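> Predicted coordinates and the sequence they were generated for:
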Amino acid sequence: MSTATTTHEAHHHDEPPRGLKRWLFTTNHKDIGTLYLIFSLVMLFVGGIMALVIRAELWEPGIQYVDPQFFNAMTTMHGLIMVFGAIMPAFVGLANWLIPMMIGAPDMALPRMNNWSFWILPFAGAMLLSTLFMEGGAPAAGWTMYPPLVLQTGEAFPFLIFSVHLLGLSSIMGAINIIATILNMRAPGMTLMKMPLFVWTWLITAYLLIAVMPVLAGAVTMLLTDKYFGTSFFDAAGGGDPVMFQHIFWFFGHPEVYIMILPAFGVISQIIPTFARKPLFGYSSMVYATASIAFLSFIVWAHHMFTVGMPLAGELFFMYATMLIAVPTGVKVFNWVATMWRGAMTFETPMLFAVAFVILFTIGGFSGLMLAIAPADFQYHDSYFVVAHFHYVLVTGALFAIFAAVYYWLPKWTGHMYDERLGKWHFWLSVISVNVLYFPQHFLGLAGMPRRYADYAIQFTEWNQVSTIGAFAFGLSQLLFVYVIWKCVRGGQKATAQVWEGAKGLEWTVPSPAPYHTFAEAPEVK
């Protein structure tokens, strides 16, 4: 800038924008991380209310509160909002906040794009939700949007497709930014194999996102041309194949479920060593296991489709490939347990969520192994057993890891300590109610109750009622979580340099490189 700068211009650059402008135009990774986390929390409640509509309708057989079409719209919207609105933005928010600090970078590599990739989200989410108010109702074909069912959607259809494109665009931009940041902006001396595991899991996740989001975009664009432009990609009458959509969708969809769990693995790998007061057991094996999971996620997609009538050789290949994923995942679980083994453990709220994650995510993993067995899957497919399986992975897995991360880093983000007593209340209410909610669904599925139906046979009543009670208890428990955050942000006990000094009075130590993820003094808010 020339020395002849006017005082007005200089003043303009010195004074950071306040109020609404600060949030609209911010390029600060911390502000953008906060925006992502707030958006994700709002979407968690929106998607959660939809889940409660589903559970309320399933309180007893018969049609109680909503017609079957709206019930199916709820299952569709709940899935899309939880995946693209709650879980993924929360992890991107954590990445924004933590990756620059963990690698010693001043900010993300592409701060302007960072702002844009966030601000696409509220508009995409609003467009998706707007389909509920359109002629013919919201799409009612499940979050998988299978043809020919999804093509019967009325006016809402192009809005559904466009919102999915926007959500994918946001994810791709976020991923590019994360890769650029990690590969180019690490502090001197921080080699790849010295990065905190959270950074590693996100680096691998970002590559997955860039690889599979365009595949989803292609699949939904083909749906769009089938409906409005006379193509017949998925229309058998025109020589197309509806099963081809499933192949394309799940080639995106299976890596997508790992996109939602790998950053959770990273979070848990940061938290367990802290509260066990030991370095993480088997750091390099954790990195290789994460990379193996990412690679294998691309060659297992058709295990979602065992019942479409594929050749036996195909079933065998996808069965064995799917079982193979259990190996690196098992390595991770073993390493977490080995880290805790004979550690000086204390059980503050983040650790409680982390331990619950290890136990309950493993249950989800075992039921996944059951679903991997092709002949058995013919019985389980599209039953409530599948619903139980993936909610153990995504709720007690991904969501619990997000809870753990929020409690763990809140003192660093706000400079204040959260209310530990209320945090523990939130944990115990959540962990009990979530099992009351999802565990009975295993029984319902094994007994033959199909998913995505508003009505069911009378013998399934009792377990559905148990499940619904768990759902409302779990939903209400999350109000406590919001209160804990609100209370912490507003003030309270100052966070110290050793926030996680345990009950045993041991210093909060972490594996190298310490400077990048110890708790500094309260961060200044620009």
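Received it, and whenever you're ready, just let me know what you need. Residues are numbered from 1 along each chain as shown.

> remind me which residues of the protein are low pLDDT?
1-14, 497-526 (pLDDT under 70).

> Check it and tell me which residue is nearest its centre.
Residue closest to the average C-alpha location in the chain (Cα atoms, centre = their mean): residue 87, at 2.8 Å.

> if I pick that one, what's in contact with it?
40, 260, 394, 398, 399, 402 (Cβ atoms under 8 Å, 6 or more residues apart in numbering). All C-beta spots, glycine's among them, are computed from the backbone N, C-alpha and C.

> How many residues are close by residue 126?
Residues lying near residue 126 (other Cβ atoms under 10 Å) number 10.

> likewise residue 302?
23.

> did I read that right, it in a helix?
Yes: with DSSP: H, G, I helix; E, B strand; the rest coil as the criterion, residue 302 is part of a helix.

> just to revisit the earlier point, what's the most distant pair in the contacts of residue 87?
The distance between the two most remote of the contacts of residue 87 (Cβ to Cβ) is 13.6 Å, for 40 and 394.

> For stretch 37-47, buried residues please.
37, 39, 40, 41, 43, 44, 46, 47 (16 or more other Cβ atoms under 10 Å).

> any idea which element the fifth one lies in?
According to DSSP states H and E, residue 43 maps onto helix 29-57.

> Could you check the angle the helix or strand following that helix makes with helix 29-57?
Counting by DSSP H and E, the next helix or strand C-terminal to helix 29-57 is helix 68-81. Here the directions of helix 68-81 and helix 29-57 differ by 160 degrees (axes from the mean of the first three to the mean of the last three Cα atoms, to 10 degrees).

> Off-centre distance for helix 68-81?
19 Å (Cα atoms, centre = their mean, to the nearest Å).

> and it, what does it pack onto?
Packing partners of helix 68-81 (3 or more Cβ pairs under 8 Å, 6 or more residues apart in numbering; DSSP states H and E): helix 29-57, helix 111-130.

> for the ones you listed, which one sits closest to residue 412?
Of all the helices and strands packed on helix 68-81, helix 29-57 comes closest under Cβ to Cβ, at 10.2 Å.

> got the angle between the closest one and helix 111-130?
20 degrees.

> How far away from the center of its chain is helix 29-57?
On Cα atoms, centre = their mean, the centre of helix 29-57 falls 11 Å from the chain's centre.

> same thing with stretch 286-297?
Counting by Cα atoms, centre = their mean, stretch 286-297 comes out at 18 Å from the chain centroid.

> buried residues in that stretch?
286, 287, 289, 290, 291, 292, 293, 294, 296, 297.

> Name the nearest of these relative to residue 376.
residue 296 (20.4 Å).

> check contacts around that closest one.
321, 324, 325, 328.

> same thing with residue 350?
Residue 350 neighbours (Cβ under 8 Å, 6+ apart): 271, 274, 275, 404, 405, 407, 408.

> what about the second one, how many neighbours?
For residue 274, the neighbour count with other Cβ under 10 Å is 24.

> just the first one next, same as before
Other residues within reach of residue 271, judged by other Cβ under 10 Å, total 26.

> distance of the nearest residue to it once chain neighbours are set aside from residue 346?
Excluding the flanking residues, the one nearest residue 271 by Cβ to Cβ, 6 or more residues apart in numbering is residue 354, at 4.4 Å. According to Cβ to Cβ, to the nearest Å, residue 354 and residue 346 sit 12 Å apart.

> How about residue 288?
On the measure of Cβ to Cβ, residue 288 and residue 346 end up 30 Å apart.

> same question, residue 471
32 Å.

> Neighbour count for the two, which is higher?
residue 471 (23 against 16).

> how much distance is there from whichever strand or helix holds the more buried one to the middle of the chain?
Take DSSP H and E as the rule and residue 471 turns out to sit in helix 461-490. In this view, helix 461-490 has its centroid 18 Å away from the chain centroid, taken as Cα atoms, centre = their mean.

> just stretch 103-118 next, same as before
20 Å.

> Could you tell me the end-to-end distance of it?
22 Å (Cα to Cα, to the nearest Å).

> before we move on, back to that, joint contacts of residue 354 and residue 346?
By Cβ under 8 Å, 6+ apart, the residues touching both residue 354 and residue 346 are residue 275.

> where along the stretch 251-400 of the chain do the helices fall?
262-276, 283-296, 312-340, 349-372, 374-380, 384-393, 400-414 (DSSP state H, counting those that start in this stretch).

> which stretch among those helices comes nearest residue 464?
helix 384-393 (9.0 Å).

> Packing partners of that closest one?
Counting by 3+ Cβ pairs under 8 Å, 6+ apart, helix 384-393 packs on helix 349-372, helix 420-446.

> Pick the most buried one from those helices.
With neighbours taken as mean count of other Cβ atoms under 10 Å, those reach their highest mean count in helix 349-372, at a mean of 21.

> the inter-axis angle of that one versus helix 384-393?
150 degrees.

> ok so, going back, tell me the one among the buried residues of stretch 37-47 nearest to residue 383.
residue 47 (22.3 Å).

> list the contacts for the closest residue in space to residue 278 that isn't next to it in sequence?
Leaving aside its sequence neighbours, residue 278 sits nearest to residue 343 (Cβ to Cβ, 6+ apart; 4.6 Å). Residue 343 is in contact with 275, 276, 277, 278, counting by Cβ under 8 Å, 6+ apart.

> where's residue 343 relative to residue 136, distance?
57 Å.

> Of the contacts of residue 343, which is the nearest to residue 153?
Distances from residue 153 to these, taken by Cβ to Cβ, are shortest for residue 275, at 47.8 Å.
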